[in-house]
Structure formats: structure tokens, C-alpha cells
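>>> Here is the input, now give the coordinates:
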Amino acid sequence: MSQLCDLHTHSVYSDGSWTPRRLIEEAERIGLAAVALTDHNTADGLPDFLAAAKEHHVQAVSGVEFSTDYHGTELHVLGLFLPEESFPKISALMQTYAKRKEQSNIDLVNALAADGYALDYAKIRDATPNGQVNRALIAAELLRQGYVRDRKDAFKRLLGAECGYYVPPERFSPFEIIRFIKSIGGVAVLAHPLLSMDEAMLRTFLPEAVACGLDGMETIYSTYDEETAALAASIAAQFHLKQSGGSDFHGENKPDIQLGVGRGNLQIPAEFCHCLARR
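Numbering: from 1, shown residues only. Below you'll find the model as predicted:
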């Protein structure tokens, strides 16, 4: 039996290019013991994900990656092991944020179009299975039309908040989201903490997060080197947090990241999944 898992992936229901079923099929093919679907701010893909898992020999972990704001810094919190009965509650919570986000993305596309970029929000929206647009999909369209060299270039020159086109929507605080995840019976995990924060900010953030119910944090992640992973594991231990790990797989939308192995450097113990499930 496999001793590895991947607890952070995305599908076509947010900004990934694979269906939930394909994620399950590939997880089984490469021998993962468990895989989590954690689309951004939506549980819409989870019913398909769970249905596909019933036909395969891989544990499916229901998740959502929530976008939050911490003093102007965007932090992501994963809700894992979310009960099926909680999916409508997640959708209801996200409806308010989805309206804010949609208007932010409409304004972004319109601002770019006004400056000569041939973008049409309706076309970008209609190309997604659930009509949910984010900046990664806008970046993909900019790349398709040859305006940028790659996704990183798009965010650096056009899509970052500092570029003048994008005004971020008002977000929930991470503490609100942690409390919400706990209230619906889920497990709250801080995603890629040392990607969004430096060590000092992380140490300032964690006491309140733990008090709100934070269960764990990612200590293994595709872009972490050995030193960063070791630091994350040390901080998790100091704050009595369980470890998690994920590739942040997006399919062809992040072609350098592969399911289960990231950039070839990941080995996420299945024990991480078992420990988180036990709370």
C-alpha cells in the first residue's frame, strides 16, 4: 500500500485544468494513498470528486482553499475532511465573496481592455465549467493571445495589485474562516505559510490562529527547499500543529507542478493525512 498522499490540488472548478475524476484516476495510477481536492473558494467540484473515488482505490479528501486577508496580505486556509452535509453551508458563505470577486475581475478585465488588451470577460467566464473566473484564468488568456511570456510575467506586469489594474475584493479574515471550518466539522490547515509570510509574520499570526482552532499547516510544498521545509516543520511543532503537505497541482495551468511529486521533490507521508483525519 502507498505511503504517500497529496493534500492540495485544484480542478476545473477553480483554476485547474483537470476534472475531479481525472485527479482521482491519476492519483490511483501513480499510487497515492490519498488525494485532496481543494479548489479555491468553492465546494462545487466535490460531489464529482467523491463519486469518482467510489470507483477507485484512493482516499478522496474533500477540501476547499479559502482566500483570506491578514492586514493586507492574502493568506490561504485549507478546509480538509469537510462533511458532505457542509457543502451547502460553504456555498452560502462563498456567495457573498463570489459576488465581490466577480466584480473585481470584471473591473480588472475592463481596465485591461481599455488599455488595448483584447479581453472579453464573458468569453473567459463561459470557458469555465461553473462560470468562476480568477486571475489565473485571465493570465491564461493573456498568454494565449501572446501578451505575456508566461503566467508569472502576467502577474508581474499586469495582474498584481501593484500594477494598477487589479483591486482585490474585500476578503474574510483567516480567523473567521478557521472558526467557520471548525463549525462545520472540518480540519483547518494553513496553506504554504512561508510562501505568503516571512518567519516573523508567521510567528505573530499563529497564536491567534491556534486559539481560533487552526489544526495544522503545510510543511511540505512544491516550492519549498529543504531549509524552508525544515523551518516550517519546526514552527509547526512549536505551536503543536499537525503537518500537512501538497503539490498545489493545477494541471496544464501550472505545467511545472506534477500531482503527488510537485517539481519532483515531494514525498508527502500518508501519515500526515491519517493524523489530520484524527484531529
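
>>> CA atoms for contacts and neighbours, from now on please.
Noted.

>>> low-confidence ranges in this protein?
1-2 (pLDDT under 70).

>>> Just the buried positions in stretch 196-204, please.
Within stretch 196-204, no residue is scored as buried using 16 or more other CA atoms under 10 Å.

>>> Need the residues that contact that stretch.
Contacts with stretch 196-204, where a contact means CA atoms under 8 Å, 6 or more residues apart in numbering, come from 73-75, 193-194, 235.

>>> Convert the C-alpha atoms of it to PDB, please.
The C-alpha trace of stretch 196-204 is given here as PDB (Å, rounded to 0.1, in the frame of the first residue of the first chain):
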ATOM      1  CA  SER A 196       2.900  34.300   1.800                       C
ATOM      2  CA  MET A 197       4.700  35.300   5.100                       C
ATOM      3  CA  ASP A 198       8.200  35.600   6.400                       C
ATOM      4  CA  GLU A 199       9.000  33.800   9.700                       C
ATOM      5  CA  ALA A 200       8.400  36.800  11.900                       C
ATOM      6  CA  MET A 201       4.900  37.400  10.400                       C
ATOM      7  CA  LEU A 202       4.000  33.700  10.700                       C
ATOM      8  CA  ARG A 203       5.000  33.600  14.400                       C
ATOM      9  CA  THR A 204       2.900  36.700  15.000                       C
END
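
>>> helix, strand or coil for Phe49?
Following DSSP: H, G, I helix; E, B strand; the rest coil, the label given to Phe49 is helix.

>>> ok, now which ones touch it?
Per CA under 8 Å, 6+ apart, neighbours of Phe49: 20-21, 24, 37, 60.

>>> 10 Å - rerun?
By CA atoms under 10 Å, 6 or more residues apart in numbering, Phe49 lies in contact with 11, 19-24, 36-37, 60-62.

>>> the strands in the protein, which residues?
For the chain, the strands defined by DSSP state E cover 5-6, 34-40, 59-70, 73-80, 187-190, 216-221, 242-246.

>>> Bridging across strands, which residues link to the residue most central in space within the chain?
Taking CA atoms, centre = their mean, the centroid of the chain lies closest to Glu65, which sits 4.2 Å from it. Glu65 has the following beta-bridge partners by DSSP bridges: His40, Leu78.

>>> Wait, it touches Tyr13, no?
No. Judged on CA atoms under 10 Å, Glu65 makes no contact with Tyr13 at a distance of 12.0 Å.

>>> what's the overlap in contacts for these two?
38-43.

>>> Tell me the one among those nearest to Glu227.
Closest approach between the shared contacts of Glu65 and Tyr13 and Glu227, by CA to CA: Thr38, at 25.9 Å.

>>> The closest one contacts Gly63, correct?
Yes. At 4.4 Å, Thr38 and Gly63 qualify as touching, with contact defined as CA under 10 Å.

>>> So for these two, which residues contact both of them?
In contact with both Thr38 and Gly63: 7-10, 45-46, 78-80, using CA under 10 Å, 6+ apart.

>>> Give me the buried entries from these.
Neighbour counting with 16+ other CA under 10 Å marks 7-10, 45-46, 78-80 as buried within these.

>>> Distance from the chain centre to the helix ranked longest in the chain, please.
In the chain, assigned by DSSP state H, the helix with the most residues is helix 87-114. Here the centre of helix 87-114 is set off from its chain's centre by 16 Å, with CA atoms, centre = their mean, to the nearest Å.

>>> Could you check how far Ala136 is from Phe239?
Separation of Ala136 from Phe239 (CA to CA, to the nearest Å): 33 Å.
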